[in-house]
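> This is a predicted model, with the sequence first.
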Amino acid sequence: MSGQVTLAMGAGGKQTAELIDSVFAARFSSPLLTADDAAVLDRPAGRIAMSTDGFIVSPSFFPGGNIGKLSICGTVNDLSCMGARPRYLTCAFVIEEGYPLDDLRLIADAMAATAQEAGVALVAGDTKVAGRGQVDGVFITTTGVGEIVDGAAPAGAKAQPGDAIIVTGDVGRHGCTILLARDDFGIEADVTSDCAPLWSSVEAMLDVTRDVHVIRDATRGGVGTVLYEIASQSNVGISLNAADIPVDPTVGGVCRMLGLEPLYLACEGRLVVIAPKDVAPALVEALRGCPHSQGATIIGEVTAERPGWVVMNTEIGTQTLLPQPTGELLPRIC
Amino acid sequence: MSDTQKQTAADVLASYDGRPLRIMEVCGTHTHEIFRLGIRKLLPPQVDLISGPGCPVCVTPVGFIDEAIWLAEHGVTVTTFGDLVRVPGTKGSLATARANGAHVQVVYSPIDAVAYAKEHPAEQVAFLSVGFETTVPAACLAAEQALQDGVSNFSLLTANKTMPNAYQALKGSADVFLYPGHVHAITGTALCEDLVQQGVSGVLAGFTAKELVTALAVAVRKGGEGEPFFVNAYPRVVKPEGTPAAVALIEKVMEPCDTEWRGLGVIPQSGLRLREAYATVDARKVHGIPHIEGRANPACRCGEVLRGDCKPSDCPVFGKGCTPLHPVGACMVSGEGACSAYYQYGGSLQ
């Protein structure tokens, strides 16, 4: 089948079956994914984590990924941040009438490849078609279940004065990529989204120690927003060294031109990790051995001073506040 | 410049023990960078940094916002830099006008506004032309392009300002001015040299940490000596002759006029308006905007902040009724505004 998605393909009849067969079945095939009404699964050992996330990014294809890859990474990473090995995922599509089937196949390809990399099984799915103009292209919602690694219990309220703050790579790539992909600014630059599944990075850290206090993925609002949230949840101060924050030179250049702060641009493949200072170097080393966190580095520490605030130690040796997040820089980035 | 030399500049600041000095940074981007970098902490107590009137959004008078809202409410699509959208007029802002159904379109350059007009021939499109010598050339190019391409539905609502007479008005406000690097990249340094003859001291400053600290070190050392002086501490960008092509373009399209600055009142011949030859792209003439007397919120002390007469935190509404999300005065709206910078970077830390 080639061509476009039609309303009939969402009506639940023969054409729906054809859509599923020609686009999804082959790509998502797994013994757990059956034609029955629900997936029947083995119960994971111990405690589980569960998360759901909707994806409406525009444009749906961007350098470094597409909405399909993003939809797997988003939920996989949310589970990973709780110290949970992602096990099962479901996905629900809302597709606009007229959407090219070839694009849908590319999206499904990316989902299958990313799920495989993350070691997660796609066990159930749903497809709806909405009339032209009722959605923009394709929207995807994924829901995931993960198995919490014994002894791991990271949480936003657990940062303690003296902890080190690690970021797993350069910041602001995804937001910058989407901004440029929209072509509103007439700026051309070679920037690729950092969109990636991060379970392997988290697993590597948990192999070093289970005593990781906070793990957060810095999606909407970027690293800056996550740090303000942690400062507030843990009632601690955050002290950052401006010179240590990794920013790709091109991303930095775009930000300077547009007056944006890279710490507030979204990432889709970066973690903020807060852990006791003595284990931080070993965590960084372990992270650097994983494919999506080779740029891991320590960017600051948690303090008892100025609880609730993020303080920058500037390149000239002064201290100043990181301005607080003021809301969405860009809509529909994920 | 090496680290050793940067230390030296910081040392000059730290070890200054001369007379009290008031240094005014004229440019909004300087204000922002000085806050972002925490530069005030490098200064000795007797050196005071005052944020001057160099943020185009901040000095735009309430009456101009009212004119823009009048256009928006009379069916004209208003195109503007994003910062202006939330600046309060006498009643409401362009943001509230937009919420009530007016067409307000954020653009990133005046040329984009011309392009928008071309793509929407059924709409009347006006661009809000604010800004100093740095942004005026782009507005002039837009006017030229609209005329050349016969874009008959495009016009400019001008509130552009120029620095020379503003310096005259600000003369007594500071001992040393930190001159705006990019304005003088257009206009050159002759004016700064002339001001020395009138007893006005200044340093032309760039925008990086090193450039700003160096410029301040020069301001402190020379200012402490007491003789009027001028130093170009941004020579990599500012040439004595400026950018003659841009100056010529401005002169071709615009002419000086008296204009109101928020906080400073009307400064003679400190504004720019379109010349008669460009009447067909002059929004005031094309749309017959009536004279509107704007009234600022009386609680707001933006005017005194802009003159350096009070600090943002001295204003009764600062941080309470007036925040970046809910600005009362213009200085809280723009990222370059003194109040916004003071609020966002934590006045208490500075």
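Arrived safely.
> you'd agree residue A:77 is up against residue A:218?
No. Counting by Cβ atoms under 8 Å, residue A:218 is not a contact partner of residue A:77; they are 9.8 Å apart. All C-beta spots, glycine's among them, are computed from the backbone N, C-alpha and C.
> ok, these two, which is more surrounded?
residue A:77 (32 against 29; other Cβ atoms under 10 Å in any protein chain shown).
> what about residue B:112, distance to residue B:125?
Distance, residue B:112 to residue B:125, using Cβ to Cβ, to the nearest Å: 11 Å.
> And the closest residue to chain A within the stretch 151-300 of chain B, its phi and psi?
At 4.8 Å from chain A, residue B:209 is the closest residue in the stretch 151-300 of chain B, using Cβ to the nearest Cβ. Main-chain dihedrals, residue B:209, degrees, to the nearest 10: phi -60, psi -50.
> cool, residue B:333 as well?
According to degrees, to the nearest 10, residue B:333 has phi -80, psi -60.
> what do residue A:77 and residue A:218 both touch?
Common contacts of residue A:77 and residue A:218 (Cβ atoms under 8 Å, 6 or more residues apart in numbering or on different chains): residue A:271.
> Please say which of residue B:112 and residue B:125 ends up with more neighbours.
residue B:125 (27 against 18).
> what's the neighbour count on the closest residue to chain B within the stretch 101-250 of chain A?
Using Cβ to the nearest Cβ, the closest approach of the stretch 101-250 of chain A to chain B is made by residue A:185 at 6.0 Å. When neighbours are counted by other Cβ under 10 Å, residue A:185 registers 15.
> so it, which of the three states?
Following DSSP: H, G, I helix; E, B strand; the rest coil, residue A:185 is assigned to coil.
> who touches it in this structure?
Neighbours of residue A:185 in contact, by Cβ under 8 Å, 6+ apart: A:179, A:258, B:108.
> my read: residue B:63 touches residue B:292, true?
Yes. Under the contact definition of Cβ under 8 Å, residue B:63 touches residue B:292, with a separation of 5.3 Å.
> Between these two, which contacts overlap?
Joint contacts of residue B:63 and residue B:292 (Cβ under 8 Å, 6+ apart) are residue B:90.
> per the record, what domains does chain B have?
Residue ranges for the domains of chain B, per automatic domain parsing: B:3-52+B:165-232, B:57-163+B:242-287, B:302-349.
> With distance to residue B:296 as added columns, please give those domains in TSV.
Putting the domains of chain B into TSV (distance: least, Cβ to Cβ, whole Å) gives the following:
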stretch	distance to residue B:296
domain B:3-52+B:165-232	18
domain B:57-163+B:242-287	5
domain B:302-349	7
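> Just say which of these is most tucked in.
Of all the domains of chain B, domain B:302-349 carries the top mean neighbour count, a mean of 22, counting by mean count of other Cβ atoms under 10 Å in any protein chain shown.
> Average pLDDT for that domain, rounded please.
What domain B:302-349 shows for mean pLDDT is 83.
> So is that domain next to chain A?
Yes. Contact of domain B:302-349 with chain A (Cβ under 8 Å from any Cβ of the partner chain) involves B:324, B:325, B:335, B:344, B:345, B:346, B:349.
> Going along the chain, name the strands of the chain.
Reading this off chain A. Ranges of strands in chain A, per DSSP state E, are A:48-55, A:61-62, A:65-66, A:84-96, A:121-130, A:138-148, A:164-167, A:214-217, A:237-241, A:271-275, A:297-303, A:310-313, A:319-321.
> oops, chain B please
Under the criterion DSSP E, strands of chain B are mapped to B:21-25, B:47-51, B:77-80, B:104-106, B:125-131, B:154-161, B:176-180, B:201-205, B:230-232, B:254-261, B:265-274.
> Turn those into TSV, including distance to residue A:291.
What follows is the strands of chain B, written out as TSV (distance: least, Cβ to Cβ, whole Å):
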stretch	distance to residue A:291
strand B:21-25	47
strand B:47-51	47
strand B:77-80	45
strand B:104-106	39
strand B:125-131	47
strand B:154-161	52
strand B:176-180	47
strand B:201-205	45
strand B:230-232	50
strand B:254-261	57
strand B:265-274	56
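> Skip the chain neighbours and tell me the closest residue to the residue of chain A found nearest chain B.
Ranked by Cβ to the nearest Cβ, the top residue of chain A for proximity to chain B is residue A:318, at 3.2 Å. Once flanking residues are discounted, residue A:318 sits nearest to residue B:38: 3.2 Å by Cβ to Cβ, 6 or more residues apart in numbering or on different chains.
> right, and the one you found touches residue A:311 too?
No. Residue B:38 lies out of contact with residue A:311 (Cβ under 8 Å); the separation is 9.6 Å.
> Got phi/psi on the residue nearest to residue A:318?
phi 70, psi 30.
> measure it to residue B:18 for me?
23 Å.
> tell me the two of the residues of domain B:302-349 next to chain A that are most distant?
B:325 and B:349 (20.3 Å; Cβ to Cβ).
> any idea how far residue A:194 is from the residue lying closest to residue A:233 once chain neighbours are set aside?
Using Cβ to Cβ, 6+ apart and skipping residues adjacent in sequence, the residue nearest residue A:233 is residue A:156, 4.0 Å away. Distance from residue A:156 to residue A:194, counting by Cβ to Cβ: 22 Å.
> Those two: which is more packed in?
Comparing residue A:156 with residue A:194 by other Cβ under 10 Å, the one with more neighbours is residue A:194, at 28 against 18.
> tell me the most buried of the strands of chain A?
Taking mean count of other Cβ under 10 Å, strand A:271-275 is the most buried of those, at a mean of 27.
> What pairs with that one, parallel or antiparallel?
strand A:164-167 (antiparallel), strand A:214-217 (antiparallel) (DSSP bridges).
> Model confidence for the residue in chain B positioned nearest to chain A, exactly?
As assessed by Cβ to the nearest Cβ, chain A sits closest to residue B:38 within chain B, at 3.2 Å. In this model, residue B:38 is scored at 90, pLDDT.
> And the longest helix seen in chain A, what does it pack against?
Under DSSP state H, the helix in chain A containing the largest number of residues is helix A:101-118. Here helix A:101-118 touches helix A:26-28, strand A:65-66, helix A:67-80, strand A:84-96, strand A:121-130, strand A:138-148, going by 3 or more Cβ pairs under 8 Å, 6 or more residues apart in numbering or on different chains; DSSP states H and E.
> coming back round to it: JSON lines for the strands of chain A, including mean pLDDT and distance to residue B:119?
Shown next, in JSON lines, are the strands of chain A (pLDDT from 0 to 100; distance: least, Cβ to Cβ, whole Å):
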{"stretch": "strand A:48-55", "mean pLDDT": "97", "distance to residue B:119": "31"}
{"stretch": "strand A:61-62", "mean pLDDT": "96", "distance to residue B:119": "25"}
{"stretch": "strand A:65-66", "mean pLDDT": "97", "distance to residue B:119": "29"}
{"stretch": "strand A:84-96", "mean pLDDT": "97", "distance to residue B:119": "24"}
{"stretch": "strand A:121-130", "mean pLDDT": "94", "distance to residue B:119": "28"}
{"stretch": "strand A:138-148", "mean pLDDT": "98", "distance to residue B:119": "27"}
{"stretch": "strand A:164-167", "mean pLDDT": "98", "distance to residue B:119": "42"}
{"stretch": "strand A:214-217", "mean pLDDT": "98", "distance to residue B:119": "39"}
{"stretch": "strand A:237-241", "mean pLDDT": "98", "distance to residue B:119": "44"}
{"stretch": "strand A:271-275", "mean pLDDT": "98", "distance to residue B:119": "42"}
{"stretch": "strand A:297-303", "mean pLDDT": "98", "distance to residue B:119": "44"}
{"stretch": "strand A:310-313", "mean pLDDT": "95", "distance to residue B:119": "42"}
{"stretch": "strand A:319-321", "mean pLDDT": "90", "distance to residue B:119": "42"}
